[in-house]
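[1] sequence first, then the predicted structure:
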Amino acid sequence: VQLVESGGGLVQPGGSLRLSCASSGLSFSSFSMSWFRQAPGKERELVAVISSGGSSTNYGDSVKGRFSISRDNAKNTVYLQMNSLKPEDTAVYFCNAFRRNYIREYDYWGQGTQVTVSS
C-alpha cells in the first residue's frame, strides 16, 4: 500500500494550497480518508476526514470554513483545499486511509508533505 502526498510548499498568509494524496495497493473506495497535521513540538491532529463514498465530511475546529476535503474514487485520490491560510497552519500534513471490519483494522499513512505559511 502506498499513499503519496503532494502539493505542499511555502505560501503567504491568506493564500491557498491544494494537497493531493494518491493511493495504490488498496481498495480505495472502501476506505475513509483523512488528513492529519503535525507541527514541531506538537501532537498530530486531525484536520479533516471524508467517508468512503464521499457523502460525509468532518473538520477540526481550527480549519472549519477554510479547508475542504474531497475525493475522486475513480482516481484513487483524496484532496485537501486549504484557503485563508494562517501561520499556525504550518505543519507536515499526512494522508491516512482507514477501514475497519469485524476481524481487523486497516490503517495506512503517507510520508507527509510540508506546508509553511509565512510572509
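    Good, I have the coordinates.
[2] residue ranges of the strands in the protein, please?
    Secondary structure of the chain (DSSP state E): strands at 2-6, 9-11, 17-24, 32-38, 45-50, 57-59, 67-72, 77-82, 91-100, 105-109, 113-117.
[3] can you redo those strands as TSV with mean neighbour count?
    No exception for glycine: its C-beta is placed from N, CA and C like everyone else's. Below are the strands of the chain laid out as TSV (neighbours: other C-beta atoms under 10 Å):
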stretch	mean neighbour count
strand 2-6	17
strand 9-11	14
strand 17-24	18
strand 32-38	22
strand 45-50	20
strand 57-59	15
strand 67-72	18
strand 77-82	23
strand 91-100	20
strand 105-109	13
strand 113-117	18
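[4] export those to TSV and tack on mean pLDDT?
    What follows is these, written out as TSV (pLDDT from 0 to 100):
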stretch	mean pLDDT
strand 2-6	97
strand 9-11	97
strand 17-24	98
strand 32-38	98
strand 45-50	98
strand 57-59	98
strand 67-72	98
strand 77-82	98
strand 91-100	97
strand 105-109	96
strand 113-117	98
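[5] which residue comes closest to residue 71 once chain neighbours are left out?
    Leaving out its chain neighbours, the residue that sits closest to residue 71 by C-beta to C-beta, 6 or more residues apart in numbering is residue 78, at 4.5 Å.
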